[in-house]
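Engineer: okay, sequence plus prediction incoming.
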Amino acid sequence: MDVATIITLIISALTIFAGGAWFKAKGKLTQVKDLGKEAVDVLIAAVNAVEDNKITQEETEIIKKEALEAASAFKRLIGKTA
């Protein structure tokens, strides 16, 4: 085996490793984005609920639903089943 072949094999291995690392990082970044979106949805629901200085049962259910979605997104991010 000559030097050029060894270098080619090393570069190929590094490329495969980098591609796998990027794929994993991209997945985590997507999960962070999803968590951020869900957190914003909780805040929007809460702000909408308190705008008239009273929170109805329907508004409470909306906030609860959005909070559960945010919790689920967080569990996916940290690797727990959601």
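Structural biologist: The structure has been received and is ready for your questions. Residues are numbered from 1 along each chain as shown.

Engineer: burial of residue 63, as a residue count?
Structural biologist: Summarising burial for residue 63: neighbours were counted as other CB atoms under 10 Å, giving 20. C-beta: built from backbone N, CA, C; applies to glycine.

Engineer: next one: residue 43
Structural biologist: Each residue near residue 43 was counted by other CB under 10 Å, and the total is 13.

Engineer: tell me which element it is part of?
Structural biologist: With elements taken from DSSP states H and E, the one containing residue 43 is helix 3-50.

Engineer: burial count for the closest residue in space to residue 34 that isn't next to it in sequence?
Structural biologist: Beyond its immediate neighbours in the sequence, the residue positioned closest to residue 34 (CB to CB, 6 or more residues apart in numbering) is residue 73, lying 4.8 Å away. Residue neighbour count, defined by other CB under 10 Å, stands at 20 for residue 73.

Engineer: same check, this time on residue 70
Structural biologist: 20.

Engineer: cool, and residue 11?
Structural biologist: Counted with other CB under 10 Å, residues neighbouring residue 11 total 10.

Engineer: the helix holding residue 43: what's the following helix or strand?
Structural biologist: Next in sequence after helix 3-50, counting helices and strands by DSSP H and E, comes helix 57-78.

Engineer: for that following helix, which helices and strands make contact with it?
Structural biologist: Contacts defined by 3 or more CB pairs under 8 Å, 6 or more residues apart in numbering; DSSP states H and E place helix 57-78 against helix 3-50.

Engineer: report the contact partners of residue 34.
Structural biologist: 73, 76-77 (CB atoms under 8 Å, 6 or more residues apart in numbering).

Engineer: buried sites along stretch 39-56?
Structural biologist: Applying a neighbour-count criterion of 16 or more other CB atoms under 10 Å, the buried positions in stretch 39-56 are 39, 41-42, 45-46, 49.
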